[in-house]
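[1] Kindly return the folded structure for what I paste below:
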Amino acid sequence: MTSFLSAVSNSLPLRRRKLPGLPASAWILLGLLPLFCTGRGTAQSLSGIHAIQIEFSADSSNTTEIRTRIDQQLGKARLQVVNDATSADAILRLTANVWATGTFSANPRSNSTRATNYQGYLSAELTGKDSRTLWSYLVTPNRLREESFTDDLADQLVSHLLAAIRSGIPNPGARPAAVSGVHAALHGAGATLPAPLYLKWFESFAQDQPGVSITYDAVGSEAGTEQLEAGKVDFAASDIPLAKDAPSSEGRILHFPTVLGGVVPIYNLSGLDRPLNLTPQVLAGIYAGVIRRWNDPLIRQSNHGLRLPDAEIVVAHRSDGSGTTHVWTSYLSLASPEWKSQYGSGPRVNWPVGTGAAGNAGVAQLVSKTLYAIGYVELIYAIQHQLNYAAVRNPAGQFIKADLASITAAAAEPSALLNSDFRFSILNAPGKYAYPISTFTWLLVPAQQNDSQKQAAIATFLHWMLTTGQKQCESLGYAPLPRAIVTRELDAVNQLK
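    Okay, the predicted model is just below:
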């Protein structure tokens, strides 16, 4: 398995409650675990796993501490950890990355005793005897202190793994039979938000369907949609659903949601002993140029005890036509009537302040190199570039830091989405544990292709994506689709054929 960081960093060329210890938010996620296997053959059941082999990627850090803790926790659950694949029911492949974010005074009255804060992640993919993905996940820390950091990552991962195993959900990634006679080379372009996952999907799909190859250029949602409408690509990826009154929307282009993601506010501040809390009004004020300094009273109000610098805020935003910008500015429009009336939402806006950079990677790089900067990127970019990202207050009044459970919670009431044609928004979802800047992302495909082989290849991939592919998304920080949405999409795919 390609390691998590390698897969991400290589993916974006410049152009191209009943389980003890498991939190309520995790049960929200388990309630939305999608899909039973729809491929041929017998699916390997998670409940049949009794022995696991553990492997770490070569670029992992802190492996000894994390491995020891995982072994201890799995042993308590009477799940055997073995050293060779032949005696294992499944292989748990892990990528761990831990880094120090700075030091702080453990005694507010003295600087003589200082402690270290940490950040990091633990990414996991569980594969069965047929080498297909049974389960995947990515955890980020609840605790930041040195003495508990790696234990926190390991404990979270084991809790989610045990919950999945005890649920007995079959493997939706069991190898489906290849569709015979389908040979096509597909080319797509578009969104950067889901690009790391899409590139992994296209590689995995080619193994299941050798007659089909898929290439993808991560050029942004706007450019991808333009290329599709001009007939230059076979499909587009976009974080922006087409307007229902757009000429191309009248039955010629179909929308297929693929996964859920989150856009997070990243920042470059030193010396803080915990993550920032930011309100919707503060984010809108910063990007409107009304809130200009980090020690502004409105920022201090949500961050009691933090020593915020008396320094000017450096604002970063996307310079290209971006679905991530569409999500971000749509959220600011919901947060602030003034923002909505003066600047609005879309893939491009007339930014009142700030410096532009191309792509999520460009914004992440700009923020990482600029002290006192703030920007917005997809969750995976914040993790990849080891950037701090803030918790955001949701409509329930809770400050939520984006993770898989909180992004999934934003779609916890899919009944509200069932009457749509897959063009819907989950920004500012009402749930207590919902992350407020969450979004679906879509593949846009022509309803009819002149090339019948390409039409069949697209339909075959969409079916694979909605079944096998869903189990691969969580190790890269994306949340799977709710089951109710998948069921409707599979019906639509059958019509596409």
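
[2] Please make it C-alpha for all contacts and neighbour counts, starting now.
    Fine.

[3] Can you verify my assumption that I383 contacts G120?
    Yes: judged on Cα atoms under 8 Å, I383 makes contact with G120 at a distance of 7.4 Å.

[4] Between these two, tell me which one has more neighbours.
    More neighbours surround G120 than the other of I383 and G120, with 22 against 19 (other Cα atoms under 10 Å).

[5] Kindly confirm whether my reading is correct that the more buried one touches N142.
    No: between G120 and N142 there is no contact under Cα under 8 Å: 10.5 Å.

[6] helix/strand/coil for the residue nearest to N83 when sequence neighbours are not counted?
    Excluding its sequence neighbours, the residue lying closest to N83 (Cα to Cα, 6 or more residues apart in numbering) is Q53, at 5.8 Å. Here Q53 is strand, with the state taken from DSSP: H, G, I helix; E, B strand; the rest coil.

[7] Return the residues in contact with Q53.
    Going by Cα atoms under 8 Å, 6 or more residues apart in numbering, Q53 touches 81-85, 88, 90-92.

[8] Could you list the domains of this structure?
    Domain assignment for the chain by automatic domain parsing gives 44-167, 184-497.

[9] Return the most buried member of those.
    Each of these was scored by mean neighbour count; the highest is domain 184-497, a mean of 20, by mean count of other Cα atoms under 10 Å.

[10] Quick one: mean pLDDT for that one?
    Mean per-residue pLDDT for domain 184-497: 93.

[11] Make 312 the starting number, not 1.
    Sounds good: first residue 312 from here, last item domain 495-808.

[12] Is G431 located within a helix, as I assumed?
    No: under the criterion used here (three-state DSSP), G431 is strand, not part of a helix.

[13] Leaving out the residues flanking it, which one is nearest to it?
    V409 (4.3 Å).

[14] Go ahead and list the helix or strand containing that neighbour.
    Using DSSP states H and E, V409 sits within strand 401-418.

[15] Also G582?
    Using DSSP H and E, G582 is not contained in any helix or strand.

[16] quick one: it from T414, how far?
    To T414, G582 is 7 Å away according to Cα to Cα, to the nearest Å.

[17] One more: R404?
    31 Å.

[18] now do T438
    Separation of T438 from T414 (Cα to Cα): 38 Å.

[19] and the longest helix along the chain with strand 401-418, angle?
    Scanning the chain for the helix with the most residues, using DSSP state H, yields helix 460-478. Taking axes from the mean of the first three to the mean of the last three Cα atoms, to 10 degrees, one finds helix 460-478 and strand 401-418 inclined to each other by 140 degrees.

[20] how far out from the middle of the chain is helix 460-478?
    Offset of helix 460-478 from its chain centre (Cα atoms, centre = their mean, to the nearest Å): 19 Å.

[21] send the alpha carbons of the next helix or strand after that helix over as CSV?
    Sequence order places strand 495-501 as the next helix or strand after helix 460-478, per DSSP H and E. Extracted in CSV, the C-alpha atoms of strand 495-501 (Å, rounded to 0.1, in the frame of the first residue of the first chain):
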residue,chain,number,x,y,z
ALA,A,495,-11.7,2.5,-23.0
ALA,A,496,-9.3,5.3,-22.0
LEU,A,497,-11.1,7.9,-20.0
HIS,A,498,-9.8,11.4,-19.2
GLY,A,499,-11.3,13.7,-16.5
ALA,A,500,-10.4,17.0,-15.0
GLY,A,501,-11.6,19.2,-12.1
